[in-house]
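# fold the following, please.
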Amino acid sequence: MEFINLIESRNQLERELKNLIYGNVEIREKEGKKYIYVHFREEGLPRTKYVGEYSDELYNLILNNSLKAKEIKKELRKINKELQAVGYVESDIDDNVKANIDFARRHLVETIYNQAILEGVATTYAETEAIIEGGKVRNMSTDDIMKVVNLKHAWEFILNKDVLNSPTNFYLLCDINRFIEEGFYYNAGRVRSTPVSIGGTTWKPELPIESVIKEQLQEILDSDMEIVDKAIELLLFVMKKQIFIDGNKRTAVVFANHLLIKNALGILVIPSDMTEKYKKLLIAFYEGRDERSIREFLKKYAYKKI
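Numbers count the residues shown, from 1 in each chain. This next block holds a predicted model:
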């Protein structure tokens, strides 16, 4: 197996491991009820995470996940040995990119909250923060919680060093949508084959053709625009083309940020308090009435330098 395939296999296993709830189980009692917490290590540091109210099913799931995690870690060690054997040297990233990763992580709760509000998720900043940190929230639907969790996973994916060393392209875009729509659609990450409608307008996007989408994405990436302008074009392109069955706005934002972060140029996210203004500009952009204003808006209000 070539080293690139080994790296892809390693990334897949690492993503699978991140998505597992596992660790040493602790059961805490409060007011006659039992709650499950797990203790584990992340990047060498001890962590504790609240999982949920006790049930035999949840308890057994964590035990099974812990066994699965051991197998994944064993396979990861094997892959790392094979990479060493073929002379693979882990490529590092520029200090400026590392600084951008730190910048993105510091703003992660705010960023995910803003994206959730744009999508119409009924959440508060505090609830978003609690979900991201593995805490318990009340009065939120399961679907809304899952959307926030999926956004967290998508951001963790693009902030991975190997992913940042990978090209911003169609295949990465599909991977991001898989994270965004995990648990909602079996065909997440695939180009849609059914019509969709857009709220607030009678305009409807055409059915996307994969080969054409690839070419158009590459044209944007190969253009002589500044990187920030390219990121804005990528975001608008993905939103307007509605490439996937759902989650296009969330996917577009994360995708555009991959290009920005790998070039150490900051982050791009639509502020929650300007959601309605943005949606109006987006409808005008969809309908071809005004394509300039939304670009100016994104550059002035959504783009953050380090």
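# just for the stretch 51-200 of the chain, where's the confidence low?
86-90 (pLDDT under 70).
# quick one: the helices in it, in order.
With DSSP state H, counting those that start in this stretch, the ranges of helices along the stretch 51-200 of the chain come out as 56-85, 95-106, 108-118, 125-132, 142-158, 161-164, 170-180.
# and these: which comes nearest residue 261?
Closest to residue 261 of those, according to CB to CB: helix 95-106, at 4.9 Å. For the C-beta atoms, the positions are set from N, CA and C on the backbone; glycine is no exception.
# picking up where we left off before, can I get the helices of the stretch 51-200 of the chain in CSV including distance to residue 289?
Rendered in CSV, the data for the helices of the stretch 51-200 of the chain read as follows (distance: least, CB to CB, whole Å):
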stretch, distance to residue 289
helix 56-85, 51
helix 95-106, 33
helix 108-118, 21
helix 125-132, 33
helix 142-158, 30
helix 161-164, 37
helix 170-180, 27
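# want to throw these into TSV with distance to residue 242 and mean neighbour count?
Formatted as TSV, those follow (distance: least, CB to CB, whole Å; neighbours: other CB atoms under 10 Å):
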stretch	distance to residue 242	mean neighbour count
helix 56-85	35	13
helix 95-106	26	15
helix 108-118	15	22
helix 125-132	25	19
helix 142-158	18	20
helix 161-164	24	16
helix 170-180	11	22
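# list the buried ones in stretch 215-228?
217, 220, 228 (16 or more other CB atoms under 10 Å).
# just how off-centre is whatever helix or strand residue 25 lives in within its chain?
Using DSSP states H and E, residue 25 maps to strand 24-30. Distance, stretch centre to chain centre, for strand 24-30: 30 Å (CA atoms, centre = their mean, to the nearest Å).
# and the contacts of that strand?
Outside strand 24-30, the residues that touch it by CB atoms under 8 Å, 6 or more residues apart in numbering are 34, 35, 36, 37, 38, 39, 40, 48, 54, 59, 62, 63.
# same check, this time on stretch 298-306
In contact with stretch 298-306 (CB under 8 Å, 6+ apart) are residues 99-100, 103, 107, 228-229, 232, 235-236, 264-271, 274, 278.
# the same query, at a cut-off of 7 Å, please.
99, 100, 103, 228, 232, 266, 267, 268, 269, 270, 271, 274 (CB atoms under 7 Å, 6 or more residues apart in numbering).
# coming back round to it: mind checking which of the contacts of strand 24-30 are buried?
By neighbour count, with 16+ other CB under 10 Å, these hold 36, 37, 38, 40, 54, 59, 62 as buried.
# list the strands paired with the helix or strand just after the strand holding residue 25, with their directions.
Next helix or strand after strand 24-30 toward the C-terminus (DSSP H and E): strand 33-42. Counting by DSSP bridges, the strands paired with strand 33-42 are strand 24-30 (antiparallel), strand 45-53 (antiparallel).
# what average pLDDT does strand 33-42 get?
Strand 33-42 carries an average pLDDT of 88.
# which ones among the contacts of stretch 298-306 lie within helices?
With helices defined by DSSP state H, the entries of those inside them are 99, 100, 103, 228, 232.
# follow-up on the earlier one: got the CA positions of the strand holding residue 25 in PDB?
Listed next in PDB are the C-alpha coordinates belonging to strand 24-30 (Å, rounded to 0.1, in the frame of the first residue of the first chain):
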ATOM      1  CA  ASN A  24     -13.200   4.600  32.000                       C
ATOM      2  CA  VAL A  25     -16.800   4.800  33.100                       C
ATOM      3  CA  GLU A  26     -17.800   6.700  36.200                       C
ATOM      4  CA  ILE A  27     -21.400   6.600  37.400                       C
ATOM      5  CA  ARG A  28     -22.500   9.600  39.500                       C
ATOM      6  CA  GLU A  29     -25.700   9.800  41.500                       C
ATOM      7  CA  LYS A  30     -27.700  13.000  42.100                       C
END
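# and it, what's buried?
Buried, per 16+ other CB under 10 Å, within strand 24-30: residue 25.
# what about residue 186, how many neighbours?
Residue 186 sits with 7 neighbouring residues when counted by other CB atoms under 10 Å.
# got it, and the one 5 residues further on?
Neighbour count of residue 191, defined by other CB under 10 Å: 20.
# what's the separation between residue 119 and residue 229?
According to CB to CB, to the nearest Å, residue 119 and residue 229 sit 25 Å apart.
# who's more crowded, the two?
Between residue 119 and residue 229, residue 119 has the larger neighbour count (other CB under 10 Å), namely 19 against 15.
# for the more buried one, give me its contacts.
147, 249, 250.
# quick one: the helix or strand encompassing the second one to helix 142-158, angle?
Element membership of residue 249, judged by DSSP H and E, is helix 248-262. Counting by axes from the mean of the first three to the mean of the last three CA atoms, to 10 degrees, helix 248-262 lies at 20 degrees to helix 142-158.
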